[in-house]
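Q: Quick one: sequence plus predicted model below, questions after.
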There are 2 protein chains.
Amino acid sequence: MSNPTRSDQSLDENPLPRLIYFTAQDFRKLAEKILKPYDLTLEQFHPLKIISTTHGLTQRQIGDECNKSAANLTRILDRLQNKTLIERRNNPADRRTSLVFLTPHGESLVKEVTEILDSFAEKSTQGLTIKDQQILRRTLEKITTNLQQIELNNFNQNTPEER
Amino acid sequence: MSNPTRSDQSLDENPLPRLIYFTAQDFRKLAEKILKPYDLTLEQFHPLKIISTTHGLTQRQIGDECNKSAANLTRILDRLQNKTLIERRNNPADRRTSLVFLTPHGESLVKEVTEILDSFAEKSTQGLTIKDQQILRRTLEKITTNLQQIELNNFNQNTPEER
DNA sequence: GGTATATAGTTGTCTCGTTAACTATTAAGG
DNA sequence: CCTTAATAGTTAACGAGACAACTATATACC
């Protein structure tokens, strides 16, 4: 009624990538709001969740799993450590690395927040048929594959037309 | 072959929202690489593109169109202005606002980059049937609607089960 | 007309993401 | 062995998104 945003008018005409992009943004924004009372961000929760399912991972392993660079993960873990949700322990087998564990505090927080986020994720895909969900999944995978292909072409040569 | 990231193994088991999120991230990362030679980011290009199709918008209007907050847009426009791609002109009709225009420099850059990004967007959805694209579009819209619904419920009451 | 409210835009602070430079440790190859 | 290269992690700098506080102007209402 008040502010005519792009969601009201121009979604239909947006190119698909931007549509995906906007949807992801909307999702993130709402997830952040939901997590705010727990003094957590979505990006902090990702690694936390990973640590909770596999204890004692290195930062590299965690970063691979949640698609975060080493630099980025360092700070995120710093913040989680400051909130005493995780701890880094020395790894005698490889002194370059440290192994990351949840504290009891972190453990219980993950448990609590997981339920909330799971229910949120479920609600967000409500009303979609199984078929549509499958197609969505397949389509996104195809796009990801395309992106990888583009990246390869771009960095081996300059957009070759045929091969 | 080298680094087993989440794209190789766990895409299938990821919940849909995260899948959308990862796809959007991949898209953004590649778009940024493509734009780098032009000293532009994807987030800078969005408003630039909008300004190029409708000259003399206020910042508010631009922000609505590209889903950016006023605060965020202020800085992005500052950067674009420093690169002499845009200019802000006084609006005598409402002295709180300024109207944003492209410089000739900005004009030609938008033209150049638009072609590249369009072709990129097209390539990224290559191999998808029209039908699948329609379903993707419909599905994402449905998710967006769901998110709006969740937001309403959350802020009027505490997750009411039924109404 | 004058006060109250709403709106446009800016600025500060924090989190997140990326790149590049750097340290420490480990692995490889002569 | 010892030099070289690779890897794990940290730090700094910058763009970007979010929120809160603030200024200036415009609108509403009494």
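A: Thanks, I have it.
Q: When you work out contacts or count neighbours from here on, use the C-alpha atoms and nothing else.
A: OK.
Q: got the buried residues for the helix or strand containing A:I150?
A: Assigned by DSSP states H and E, A:I150 belongs to helix A:130-156. Neighbour-count burial for helix A:130-156 flags A:132-133, A:135-148, A:150-151 (criterion: 16 or more other C-alpha atoms under 10 Å in any protein chain shown).
Q: which other residues reach stretch A:140-149?
A: B:11, B:19-20, B:23, B:26-27, B:30, B:123-128 (C-alpha atoms under 8 Å, 6 or more residues apart in numbering or on different chains).
Q: Whether that stretch contacts DNA strand C - can you check?
A: No. On the criterion C-alpha under 7 Å from any atom of the strand, stretch A:140-149 is out of touch with DNA strand C, staying 14.2 Å away.
Q: Output that stretch as CSV, nothing but the C-alphas.
A: Only the C-alpha atoms of stretch A:140-149 are listed here, as CSV (Å, rounded to 0.1, in the frame of the first residue of the first chain):
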residue,chain,number,x,y,z
LEU,A,140,19.5,-24.3,-9.8
GLU,A,141,22.0,-27.1,-10.2
LYS,A,142,22.0,-26.5,-14.0
ILE,A,143,22.6,-22.8,-13.4
THR,A,144,25.5,-23.6,-11.1
THR,A,145,27.0,-25.9,-13.7
ASN,A,146,26.6,-23.2,-16.3
LEU,A,147,28.4,-20.7,-14.1
GLN,A,148,31.3,-23.0,-13.7
GLN,A,149,31.4,-23.5,-17.4
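Q: Let me see the mean pLDDT of it.
A: In this model, stretch A:140-149 has an average pLDDT of 91.
Q: Kindly report the same for stretch A:78-95.
A: Stretch A:78-95 comes out at a mean pLDDT of 96.
Q: Alpha carbons only: can I get it in PDB?
A: Provided in PDB are the C-alpha atoms of stretch A:78-95 (Å, rounded to 0.1, in the frame of the first residue of the first chain):
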ATOM      1  CA  ASP A  78      36.700 -14.900  16.400                       C
ATOM      2  CA  ARG A  79      33.200 -13.500  17.100                       C
ATOM      3  CA  LEU A  80      31.800 -16.800  18.000                       C
ATOM      4  CA  GLN A  81      34.800 -17.400  20.300                       C
ATOM      5  CA  ASN A  82      34.200 -14.000  22.000                       C
ATOM      6  CA  LYS A  83      30.700 -15.100  22.700                       C
ATOM      7  CA  THR A  84      32.100 -18.300  24.100                       C
ATOM      8  CA  LEU A  85      30.100 -20.400  21.700                       C
ATOM      9  CA  ILE A  86      33.200 -22.200  20.300                       C
ATOM     10  CA  GLU A  87      36.800 -22.900  21.300                       C
ATOM     11  CA  ARG A  88      39.900 -23.500  19.200                       C
ATOM     12  CA  ARG A  89      42.200 -26.200  20.500                       C
ATOM     13  CA  ASN A  90      45.800 -26.900  19.500                       C
ATOM     14  CA  ASN A  91      46.300 -29.700  17.000                       C
ATOM     15  CA  PRO A  92      49.500 -31.600  17.900                       C
ATOM     16  CA  ALA A  93      49.400 -33.500  14.600                       C
ATOM     17  CA  ASP A  94      49.700 -30.200  12.600                       C
ATOM     18  CA  ARG A  95      50.700 -27.100  14.400                       C
END
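Q: ok now it, how far from the chain's centre?
A: 21 Å (C-alpha atoms, centre = their mean, to the nearest Å).
Q: And for stretch A:43-55?
A: Using C-alpha atoms, centre = their mean, the offset of stretch A:43-55 from its chain centre is 11 Å.
Q: And stretch A:46-61, by the same measure?
A: 14 Å.
Q: does any part of it sit near DNA strand D?
A: Yes. Residues of stretch A:46-61 contacting DNA strand D under C-alpha under 7 Å from any atom of the strand: A:T58, A:Q59, A:R60, A:Q61.
Q: which ones among those are found in strands?
A: A:T58 (DSSP state E).
Q: For the residues of stretch A:46-61 next to DNA strand D, which entry has the maximal number of neighbours?
A: A:Q59 (22 neighbours; other C-alpha atoms under 10 Å in any protein chain shown).
Q: Wait, it touches A:S98, no?
A: Yes. A:Q59 sits in contact with A:S98 when judged by C-alpha atoms under 8 Å, with a separation of 7.2 Å.
Q: Following element in sequence after the host helix or strand of A:E65, please.
A: Using DSSP H and E, A:E65 sits in helix A:59-66. As assigned by DSSP H and E, the chain's next helix or strand after helix A:59-66 is helix A:70-82.
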